[in-house]
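*Asks:* how does the following fold in three dimensions:
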Amino acid sequence: MKPNTGTQGNGARVIASYGRHYLIETDEGHRWMAHPRGKKMVAVCGDRVQWSASGDAAVIESVLPRRNCLLRRDAVRTKVFAANIDQILLLVAAEPDFSEEQLARVLIAAEAEQIPAVIAVNKRDLGPAHAKAMARLAPYPQMGYTLLGFSLQGPEAGELDSIRSLLTEKATLVLGPSGAGKSSLINRLVPHAQAETQEISQALNSGKHTTTRTTWYWLDRARNSAVIDSPGFQEFGLQHIEALALASLMPDLRRHIGHCRFHNCTHLHEPDCAVIAAVGAPGPEGIAPQRYRIYQTLFAECSKAREYARGGRPPDWQ
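*Replies:* Numbering: from 1, shown residues only. From the prediction side, this is the model:
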């Protein structure tokens, strides 16, 4: 991809990241292949940057402050998916079965950055399996999350209007486990996505540096609506989250905070804990037992991570 002529030093957005190589787009719509000035500078898809021209390429001089960024952190590394986004589209499917704990991890990371999330369940054409998946997620709309079902196959394959309407005039990061149909959805929403990815790979010498590929695609010519396609993940660590902050990042638990006997309640064993009292209770004020078990698991994990950071024994990550 040959760079288009742009005004040197103007602001731009990172619209693709391939390791230490980036594709940036200026506010006028011109695109440049770029690399950062200095080994310590790291940009991610969605970042706003200042740049300068350098021959047939560009140099990223600085990364501007981020409005938000979605990240995960484990014992080995921190992975930032994208920055300056308006919402997350979390894609799961009726089959293969999805992990509600992984779902909760992504939603907690989004809550920590105050990024709204939409949960979409693919493969409505599977009928009973899809109905079962939707039933599992029935508590989530009561927590404030948008939940919708759709299909990319069968007689309902054309019904994507519900998703398209949610993407209008927003920058949406699309996440999902393997087999959920994320690539198929991106290709349906952005027919030119595959061709554009191949063009970028050729510009980077036949696909080198593609291990961290994340790409921003515009959905309209006016460049008001966009989706960000990111690599899948097997694990989603939350070591950047304080254990005592977890309840405030889970809407079904959050509504009960402040009603416990102790102000520093962990919601695990204390007497007169409003959260524990709500577990299994009927109605919208109740907390599903499965959600509470997830909270217990994550609290233990985040606590161990904090102890390790302070010089304690390493946690068991198996």
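*Asks:* quick check: residue 125 touching residue 149?
*Replies:* No: using Cβ atoms under 8 Å, residue 125 makes no contact with residue 149, being 10.3 Å away. The way it works is simple: take the backbone N, C-alpha and C, and place the C-beta from them, glycine included.
*Asks:* the residue of the chain positioned farthest from its centre and residue 277, how far apart?
*Replies:* When distances are taken from the C-alpha mean of the chain, residue 271 lies farthest, 36.1 Å away, according to Cα atoms, centre = their mean. Taking Cβ to Cβ, to the nearest Å as the measure, residue 271 falls 10 Å from residue 277.
*Asks:* on that earlier part again, who has more neighbours out of residue 125 and residue 149?
*Replies:* residue 149 (19 against 16; other Cβ atoms under 10 Å).
*Asks:* please tell me how far the more buried one sits from residue 47.
*Replies:* Distance, residue 149 to residue 47, by Cβ to Cβ: 33 Å.
*Asks:* ok, residue 162 next?
*Replies:* Distance from residue 162 to residue 47, by Cβ to Cβ: 30 Å.
*Asks:* ok, which stretches of the stretch 201-318 of the chain are strands?
*Replies:* With strands called from DSSP state E, counting those that start in this stretch, the stretch 201-318 of the chain shows them at 214-218, 226-229.
*Asks:* nearest to residue 114, out of those?
*Replies:* In terms of Cβ to Cβ, the element of those nearest to residue 114 is strand 226-229, at 17.5 Å.
*Asks:* by mean pLDDT, point me to the weakest helix or strand of this protein.
*Replies:* Lowest by mean pLDDT, DSSP states H and E among the helices and strands of the chain is helix 193-203, with a mean of 66.
*Asks:* tell me the confidence at the residue nearest to residue 14 when sequence neighbours are not counted?
*Replies:* Leaving aside its sequence neighbours, residue 14 sits nearest to residue 47 (Cβ to Cβ, 6 or more residues apart in numbering; 4.5 Å). You'll see residue 47 listed with a pLDDT of 97.
*Asks:* just residue 306 next, same as before
*Replies:* 65.
*Asks:* CA atoms only for stretch 65-83 - export them in CSV, please.
*Replies:* Provided in CSV are the C-alpha atoms of stretch 65-83 (Å, rounded to 0.1, in the frame of the first residue of the first chain):
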residue,chain,number,x,y,z
PRO,A,65,-4.1,10.6,25.7
ARG,A,66,-6.7,7.8,25.4
ARG,A,67,-10.3,8.3,26.3
ASN,A,68,-10.4,4.6,27.2
CYS,A,69,-8.9,1.3,26.3
LEU,A,70,-9.9,-2.4,26.7
LEU,A,71,-7.2,-4.6,28.1
ARG,A,72,-6.5,-7.9,29.7
ARG,A,73,-3.6,-8.7,32.0
ASP,A,74,-2.2,-12.0,33.2
ALA,A,75,1.0,-13.1,34.9
VAL,A,76,2.9,-12.8,31.7
ARG,A,77,1.8,-9.7,29.8
THR,A,78,-0.7,-7.0,29.3
LYS,A,79,-2.7,-7.0,26.0
VAL,A,80,-4.5,-3.8,24.9
PHE,A,81,-7.2,-4.7,22.3
ALA,A,82,-8.2,-1.2,21.2
ALA,A,83,-8.4,2.4,22.4
